[in-house]
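K.L.:
after the sequence you'll find the predicted model.
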Amino acid sequence: MDQIKERIGQAAASIVEDGMVIGLGTGSTAAYFIQALAKRVDVEGLTIVTVASSHTSEKLARELGLSFVSMDAIDMIDITFDGADEIDPQKQMIKGAGGALLKEKILAYASRELVIMVDSSKCVDTLGKAKVPVEVVQFGHHLTQAHLSSLATSCTMRTRGDGKPFITESQHFIYDLLVESPINSPALLDQQLRKIPGVVETGLFYNIAGRIFIGYNDGTVKLLS
Ligand code: A5P
């Protein structure tokens, strides 16, 4: 799997052009992309700047010597490269298994293009096998959970290894929702979830993805425009 992700990262990094502002997604595939991008910058001397959707991606980018700016310093990103947990033929996605959904969505909406990098196991006919992460404010979160539960078959607070709540970089909790599958309209579900007070963001991404790089077990990487 690592080799497939490495190839996806390399293929995606090949479309970066000199002078671009690049958004860095979060996750294992995004990490391979960051490594491949750093290599291109090293070998070809590209002049690019990056912004990141998580401290983890920022740390990796800095360690590899990529030029880095704060999100506050830019108005627009040329391309953001990110992974996904599920993607359907309409390029609708579930994201956020890594907990970076809020920042990922902010970067995605600030980008001229969101390029998605997935291995073929993430490609599904309809969304809904993966849990839908929902980021919520800590205040009154048990009340928020009760409302979330009415839209889900299960709704569990994400915890860390030590059993304590997982807290996002923006200081929120995450509830992971299993909903009735298939999700016929991710847009509708997203709207229903966002209406609940305390909900900050959902892991449903739609009408936003541009090109998709898909990696297969035989080592090939296909580009879907
Ligand atoms: C991070 O919060 C997620 O949205 C990731 O982009 C997604 O989980 C894909 O991660 P992998 O590339 O590690 O599968």
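P.N.:
Received it, and whenever you're ready, just let me know what you need.

K.L.:
which SS class is T80?
P.N.:
Each residue gets one of three states, and T80 gets strand by DSSP: H, G, I helix; E, B strand; the rest coil.

K.L.:
who are the contact partners of it?
P.N.:
With contact set as C-beta atoms under 8 Å, 6 or more residues apart in numbering, T80 has these partners: I22, G23, L24, G25, S53, L107, A108, A110, S111, E113, L114, V115. Every residue, glycine included, has its C-beta placed from N, CA and C.

K.L.:
what's across from the second one in the sheet?
P.N.:
Translated: G23. Taking DSSP bridges, one obtains V51, T80 as the residues bridged to G23.

K.L.:
for it, give me the pLDDT.
P.N.:
Turning to G23, the model gives it a pLDDT of 98.

K.L.:
how many residues are close by it?
P.N.:
Residues within reach of G23, counting by other C-beta atoms under 10 Å, total 30.

K.L.:
do the same with the fifth one
P.N.:
The criterion is other C-beta under 10 Å. On that basis, S53 has 27 neighbouring residues.

K.L.:
please apply the same query to the last one.
P.N.:
As a burial measure, V115 scores 22 neighbours (other C-beta under 10 Å).

K.L.:
repeat that for S149.
P.N.:
Based on other C-beta under 10 Å, the number of other residues close to S149 is 14.

K.L.:
isn't it right next to T156, touching?
P.N.:
No: no contact is recorded between S149 and T156 when judged using C-beta atoms under 8 Å, the distance being 9.8 Å.

K.L.:
residues from this structure in reach of the ligand?
P.N.:
Of all the residues in the chain, those in contact range of the ligand (C-beta under 6 Å from any ligand atom) are 25-29, 82-85, 95-101, 104.

K.L.:
hang on, L224 packs against I212?
P.N.:
Yes: contact between L224 and I212 holds when scored by C-beta under 8 Å: they sit 4.2 Å apart.

K.L.:
helices along this structure, start to end?
P.N.:
Using DSSP state H, the helices found in the chain span residues 2-13, 28-44, 55-63, 101-109, 141-149, 186-194.

K.L.:
for L178, which of the ones you listed is the nearest?
P.N.:
Evaluated with C-beta to C-beta, the helices of the chain place helix 141-149 nearest to L178, the distance being 10.7 Å.
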